[in-house]
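> A structural model of the following input is requested.
(one chain, ligands or ions: 1)
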Amino acid sequence: MIEISSLCKRYGSFTAVRSLDLVVPSGELFGFLGPNGAGKTTTMRMIAGILQPTAGSVRIAGHDLRVDPLAAKKALGFIPDRPFIYEKLTGIEFLRFSAGLYGEQGPEVEKRGQELLALFDLEAWRDELVESYSHGMRQKLIIASAFVHRPAVIVVDEPMVGLDPKSSKILKDLFREYTRRGHTVMMSTHTLEIAEGMCDRIGIMQRGELVACGTMDELRRTSGEDDALEDIFLRLTGDHVARELIEVLDA
Ligand SMILES: Nc1ncnc2c1ncn2[C@@H]1O[C@H](COP(=O)(O)OP(=O)(O)OP(=O)(O)O)[C@@H](O)[C@H]1O
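Below you'll find the model as predicted:
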């Protein structure tokens, strides 16, 4: 479970996240949407404990990030949008290294590492240096590394970017199975069909505020029409840019 209370982030006089309250319960796959610059990455980095909030609190699986950061971070697997990866490690070494950061090692880690590599079709690349991996293979290794210490919560920023259709399908199934087992996934995405098709609930950020949050049915009820997520999203976040563009083309 993720519990966010009155979370704020200011950069100088600019407020990137404004008093955010949100609970993502155990067993839920939560889709985090919003236009560019809405504050999604800022929020996720605060949840992951790599960006200090200006105010407010975050609890991961019951552990307050400020009070007990080690327990909170141990319960979390974070997949950033621009991950750092050690080029001079092999795939399996990178997974061992990632597990080691959480104090885990030994045969269990080896077994899990092997299973995760197999799941993402990286078995044959197990002992190759990461520098020889393609963009998508690196992305899959990063995703595998977030699961290797068996966290209760996964926070993932734009996970499908760069993945081929088979890998996207594997990841979707993995997230679904993972939440079915009572874990939590919070996922940002710009692909509205992915959010609509996969997520139990969807939250839409706009200028640092959560302007809508609920199941697809709840969002439709709020919007008053039987719309697709794209229509609801554009109505909430403003479709004036598209209209202005058409006017410019017509002029
Ligand atoms: N280090 C920083 N210093 C100043 N402003 C920042 C900093 N990081 C982010 N911002 C600003 O905070 C706002 C929110 O950025 P954020 O990266 O959280 O948006 P986002 O919703 O993830 O966008 P995108 O969909 O484009 O990734 C933006 O206006 C951005 O310019």
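> from here on, contacts and neighbour counts on C-alpha atoms
Will do.
> and residue 208, how far from the ligand?
7 Å (CA to the nearest ligand atom, to the nearest Å).
> give me the pLDDT for that residue.
Note on residue 208: pLDDT of 96.
> repeat that for residue 248.
pLDDT, residue 248: 63.
> likewise residue 244?
58.
> what's the answer for residue 169, then?
88.
> what does residue 98 give?
94.
> what about it, helix or strand, and which?
For residue 98, the enclosing helix or strand under DSSP states H and E is helix 91-101.
> mind listing what's buried along that helix?
Across helix 91-101, burial judged by 16 or more other CA atoms under 10 Å covers 91, 92, 93, 94, 95, 96, 97, 98, 99.
> now distance to residue 168 too, for these, in TSV please.
Compiled in TSV, the buried residues of helix 91-101 are given as follows (distance: CA to CA, whole Å):
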residue	distance to residue 168
91	19
92	21
93	24
94	22
95	20
96	24
97	25
98	22
99	24
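> looking at the residues you listed, which is nearest residue 122?
Nearest to residue 122 among the buried residues of helix 91-101 is residue 91, at 8.0 Å by CA to CA.
> looks like the closest one contacts residue 120 (just checking).
No: counting by CA atoms under 8 Å, residue 91 sits too far from residue 120 to count as a contact (11.6 Å).
> which residues touch residue 195?
31, 189, 202 (CA atoms under 8 Å, 6 or more residues apart in numbering).
> same check on residue 41?
With CA under 8 Å, 6+ apart, residue 41 has these contacts: residue 157.
> which non-adjacent residue is nearest residue 236?
residue 211 (7.3 Å; CA to CA, 6 or more residues apart in numbering).
> run a quick neighbour tally on the one you found.
Residues contacting residue 211 under the criterion other CA atoms under 10 Å number 14.
> just the one 10 residues further on next, same as before
By other CA under 10 Å, 13 other residues sit near residue 221.
> can you give me the distance of it to residue 213?
12 Å (CA to CA, to the nearest Å).
> repeat that for residue 63.
From residue 63 to residue 213 the distance is 24 Å (CA to CA).
> then residue 57?
On the measure of CA to CA, residue 57 and residue 213 end up 19 Å apart.
> same check, this time on residue 49
In terms of CA to CA, residue 49 sits 23 Å off from residue 213.
> what residue is smack in the middle of this structure?
residue 156 (1.9 Å; CA atoms, centre = their mean).
> and the host helix or strand of it with the ligand, contact?
Per DSSP H and E, residue 156 falls inside strand 153-157. No: applying CA under 6 Å from any ligand atom, one finds strand 153-157 out of contact with the ligand, separated by at least 8.2 Å.
> got the contact list for the helix or strand that comes right after that strand?
Using DSSP H and E, the helix or strand that follows strand 153-157 in sequence is helix 165-180. Residues outside helix 165-180 that contact it (CA under 8 Å, 6+ apart) are 26, 27, 28, 29, 119, 120, 140, 160, 184, 185, 198.
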